[in-house]
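# Pasting the sequence and the predicted model now:
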Amino acid sequence: MESPSSPDVAISRVPLSATVSSMACLRPGDQLVHYRIEELVSRSGMASIYRATDMRTGRPVAIKIPHPDMEADPVLFDRFKREIEIGEKLDHPGVMKVLDSGEPGQVYMVMEWVEGRLLRKLLAENRKFPVERARAIAIAICDALDYIHRNGVVHRDLKPENIMIDGEDRIKLIDFGIAGKAGARRLTFGKLSQIAGTPDYISPEQVKGKRGDGRSDIYSLGVILYEMVTGATPFEGANPFAVMNDRLVNNPVPPRELNPEISPELQEAIYRALEREPKNRYSTANEFAWDLEHLDQVAVSDRTELRDWKRRRAPWLKRVLFYVAMALIPVVILGLLMLLARRH
């Protein structure tokens, strides 16, 4: 890669007084402080991520910049700043490291550049993994979850799209955009996915509008492990509300029905992670990891889920909509208060 002083490389410097709006359209060759933009990597509903080069070290980094409309939304803006705060606090090989949080007057997040692929893409290509590979990946995710939970952080949106895997199956948890932090005030969002996470992977308590804790992440990992070994998610439906309802009232197809190579002990561990009531789940990610590492010591229960999974209960759509409506009440109140403030 050429030096920024080379005459063949055009550099446009972004001033220190730049706002989110002025940083929204960075192009290859632009310079943000001492970072040279190389390419746009991805764009989500809240932010854009660029691959860049730290010109002091020559090392690649990822820069996450919020979209301009986040400046006008105090809740989303606070969420982005909290993500920076959480990222700077965490330091674990299984968690994406935040290296820099921008200069005064600028809002962006500089993260380590990770060579790897999203677990979602790997699942799309392979549908499911060999059981031993899936188990090893789940154990590695447990290790990262145990670390963040012991540091007062709950991811709250754990899913294959938020897990990076390199060529040696080492994992990185990414995107703490809706993570919860112990002791921090609760931030409420106006979109379903931002309130509760992603419908296929969220816990029953999140469906009910509760904040959730580390056991919510354990539930999500249970869903991911189920998917890695069976090629399907445990709950389904024609729309997000139907998926969430299925989670509240029905039992999934037993993993061994979909993949006979799954041992009864591994199936039991998956069921323990997917318990509907948080108190019945693994209390820590470390407990989940221990069982996955010592399957020969896992006692298999005579579960009703193994017998009545074909029984499909009638939809509770009204109840699900009630929980969602309750979760949206703070958003409506905030909107009204902001409207009144503007009029005065």
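In hand now; what should we look at? Numbers count the residues shown, from 1 in each chain.
# which of the residues in the helix or strand where residue 288 lies are buried?
Here residue 288 sits within helix 285-293, counting by DSSP states H and E. Using 16 or more other Cβ atoms under 10 Å as the test for burial, helix 285-293 gives 285, 287-292. Backbone N, C-alpha and C define where each C-beta goes, glycine included.
# Please compute how far it lies from its chain's middle.
Remark: helix 285-293 is offset 20 Å from the chain centroid, using Cα atoms, centre = their mean, to the nearest Å.
# Mind checking the pLDDT average for that helix?
Computed over helix 285-293, the mean pLDDT rounds to 98.
# Over to stretch 241-253?
On average, stretch 241-253 scores 82.
# swap in stretch 53-64?
Averaging pLDDT along stretch 53-64 yields 95.
# for stretch 106-116, same thing?
pLDDT averaged over stretch 106-116 gives 89.
# And for it, what's in contact with it?
If you take Cβ atoms under 8 Å, 6 or more residues apart in numbering as the criterion, stretch 106-116 is touched by 16, 18-20, 23, 32-33, 35, 51-52, 54, 59-66, 77, 80-81, 83-84, 87, 96-102, 164-167, 170, 172, 174.
# low-scoring stretches of the stretch 51-200 of the chain, by residue?
Within the stretch 51-200 of the chain, the segments meeting pLDDT under 70 span 71, 103-105, 182-197.
# all helices for it, in order.
74-89, 119-126, 131-150, 192-196 (DSSP state H, counting those that start in this stretch).
# now the ones you listed as JSON lines including mean neighbour count and distance to residue 272?
Shown next, in JSON lines, are the helices of the stretch 51-200 of the chain (neighbours: other Cβ atoms under 10 Å; distance: least, Cβ to Cβ, whole Å):
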{"stretch": "helix 74-89", "mean neighbour count": "18", "distance to residue 272": "28"}
{"stretch": "helix 119-126", "mean neighbour count": "14", "distance to residue 272": "22"}
{"stretch": "helix 131-150", "mean neighbour count": "20", "distance to residue 272": "13"}
{"stretch": "helix 192-196", "mean neighbour count": "19", "distance to residue 272": "22"}
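# how close does the nearest residue to residue 123 once chain neighbours are set aside get to residue 137?
Excluding its sequence neighbours, the residue lying closest to residue 123 (Cβ to Cβ, 6 or more residues apart in numbering) is residue 160, at 5.7 Å. Residue 160 is 10 Å from residue 137, where distance means Cβ to Cβ, to the nearest Å.
# Wait, a strand at residue 31?
Yes: the assignment for residue 31 by DSSP: H, G, I helix; E, B strand; the rest coil puts it in a strand.
# domain ranges for this structure?
For the chain, automatic domain parsing gives the domain ranges 32-112, 117-331.
# and residue 43, how many neighbours does it have?
As a burial measure, residue 43 scores 12 neighbours (other Cβ atoms under 10 Å).
# Torsion angles phi and psi at the nearest residue to it once chain neighbours are set aside?
Closest residue to residue 43 apart from its sequence neighbours, by Cβ to Cβ, 6+ apart: residue 49 at 7.5 Å. Backbone torsions for residue 49, taken as degrees, to the nearest 10, come to phi -120, psi 130.
# residues contacting residue 49?
So residue 49 contacts 40-43, 62-65 (Cβ under 8 Å, 6+ apart).
# Now, these that are in strands?
For the contacts of residue 49, the ones inside strands are 40-43, 62-65, with DSSP state E as the criterion.
# Save these as CSV, and put in distance to residue 109 too.
Formatted as CSV, the ones in strands among the contacts of residue 49 follow (distance: Cβ to Cβ, whole Å):
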residue, distance to residue 109
40, 15
41, 13
42, 14
43, 15
62, 9
63, 7
64, 4
65, 8
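# Mark which of these are buried, thanks.
In the ones in strands among the contacts of residue 49, the ones that pass as buried (16+ other Cβ under 10 Å) are 62-65.
# just the residues you listed now: which is nearest residue 260?
Distances from residue 260 to those, taken as Cβ to Cβ, are shortest for residue 62 (41.0 Å).
# Provide the partner residues of the closest one in its beta bridges.
Beta-bridge pairing for residue 62 (DSSP bridges): residue 51, residue 111.
# wait, it sits on residue 41?
Yes: under the criterion of Cβ atoms under 8 Å, residue 62 makes contact with residue 41 at 6.9 Å.
# any shared contact partners between the two?
Going by Cβ under 8 Å, 6+ apart, residues that sit against residue 62 and also against residue 41 are 49-51.
# one step back: which residues sit against the helix holding residue 288?
Against helix 285-293 from outside (Cβ under 8 Å, 6+ apart): 135, 138-139, 141-143, 145-146, 149, 214, 217-218, 221, 266, 269, 272-273, 282, 297-298.
# one more time with 7 Å, if that's ok
With Cβ atoms under 7 Å, 6 or more residues apart in numbering as the contact definition, helix 285-293 has outside contacts at 135, 138-139, 142-143, 145-146, 149, 214, 218, 269, 273, 282, 298.
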